[in-house]
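[1] Compute the structure for the input listed below.
(one chain, ligands or ions: 1)
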Amino acid sequence: MQKTIIIFFGPPGSGKGTQAELLAKKTDWQKISTGDLLRSEVAAKTKLGKLADKYLKTGKLVPDRFIVEMVDNSLKKKSSGFIFDGYPRNLKQLKDLLLMFKKRIKKSAPIYAIEIAVSDKEVKQRLGQRRMCACGKVYHLLYNSPINEGICDICGGKLFTRNDDKPKVISHRLKVYHHDGQAVLDYWRVLGKLIKINGEQPIAKIHNDIMEKLRELKVI
Ligand SMILES: [Zn+2]
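    Take a look at the predicted model:
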């Protein structure tokens, strides 16, 4: 069976996960997010999940071979297409994925990478203005602020900034994204398989732009 592969790429806070989800709903393609895969393995207490949990609990990076095993298992599933969200993010992961494709996906399968382009400045604003509550509610000081400053509308709890959203950490995440991701982007660009979408637009407009491009390329 012919399988379509779409790989979403973008900085933290670009909304690529949301766009991958929207595309998965429109098509019958399966979304593959390594974060989701890891969480479900851990929750199901599989052999791999138990091992991965040890890494996660000690804050260590889960080794690539675990990720490869999970992704490869997902690719075995029956689906007319796969949508990758947040993988591969570096050259090593790209090489791993290309090997898996060689094994599981026909050479002629349409493969495209979609870059959700958002400037560093915009990422810093989006993530830096995010506030959380212990109850799980997420606020944004510009787009979705609480009624009373610093207080959760739902439970009255005190809002806080997630460690990942602190300016220093955001700068570091962006640095890693650019440093590791450039080679991945270049790979798809050279092949003529890179679709660049302006990510600084409303969610529905970004989705429409993606659909239009995929129609133009006769992928859908
Ligand atoms: Zn709350």
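
[2] hey, where'd the helices end up in the protein?
    With helices called from DSSP state H, the chain shows them at 16-26, 34-43, 47-57, 64-75, 91-104, 120-128, 167-190, 203-216.

[3] And the last one, what does it pack against?
    If I follow you right, that is helix 203-216. helix 16-26, strand 111-117, strand 194-198 (3 or more Cβ pairs under 8 Å, 6 or more residues apart in numbering; DSSP states H and E). C-beta here means a position set from N, CA and C on the backbone, and glycine is covered the same way.

[4] List the buried residues of stretch 197-217.
    Going by neighbour count (16 or more other Cβ atoms under 10 Å), the buried part of stretch 197-217 is Ile197, Gly199, Ile206, His207, Asp209, Ile210, Met211, Lys213, Leu214.

[5] quick one: low-confidence parts of the protein?
    Counting by pLDDT under 70, the chain has low-confidence residues at 1.

[6] quick revisit: and the buried residues of stretch 197-217 as JSON lines, adding distance to Ala52?
    Formatted as JSON lines, the buried residues of stretch 197-217 follow (distance: Cβ to Cβ, whole Å):
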{"residue": "Ile197", "distance to Ala52": "32"}
{"residue": "Gly199", "distance to Ala52": "30"}
{"residue": "Ile206", "distance to Ala52": "32"}
{"residue": "His207", "distance to Ala52": "32"}
{"residue": "Asp209", "distance to Ala52": "35"}
{"residue": "Ile210", "distance to Ala52": "31"}
{"residue": "Met211", "distance to Ala52": "35"}
{"residue": "Lys213", "distance to Ala52": "35"}
{"residue": "Leu214", "distance to Ala52": "33"}
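
[7] Please identify which of those is nearest to Asp120.
    Nearest to Asp120, judged by Cβ to Cβ, of the buried residues of stretch 197-217 is Gly199 at 12.2 Å.

[8] coming back round to it: of the helices of the chain, flag the one that's most buried.
    helix 16-26 (a mean of 19; mean count of other Cβ atoms under 10 Å).

[9] and that helix, how far from the chain's centre?
    Chain-centre distance of helix 16-26: 10 Å, with Cα atoms, centre = their mean, to the nearest Å.

[10] about what we covered before: switch the buried residues of stretch 197-217 over to TSV; also include distance to the ion.
    TSV is the format used below for the buried residues of stretch 197-217 (distance: Cβ to the ion, whole Å):
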residue	distance to the ion
Ile197	34
Gly199	29
Ile206	29
His207	30
Asp209	35
Ile210	33
Met211	36
Lys213	39
Leu214	39
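
[11] Show me the two of those residues that sit farthest apart.
    Across the buried residues of stretch 197-217, the longest distance by Cβ to Cβ is 16.3 Å; it joins Gly199 and Leu214.
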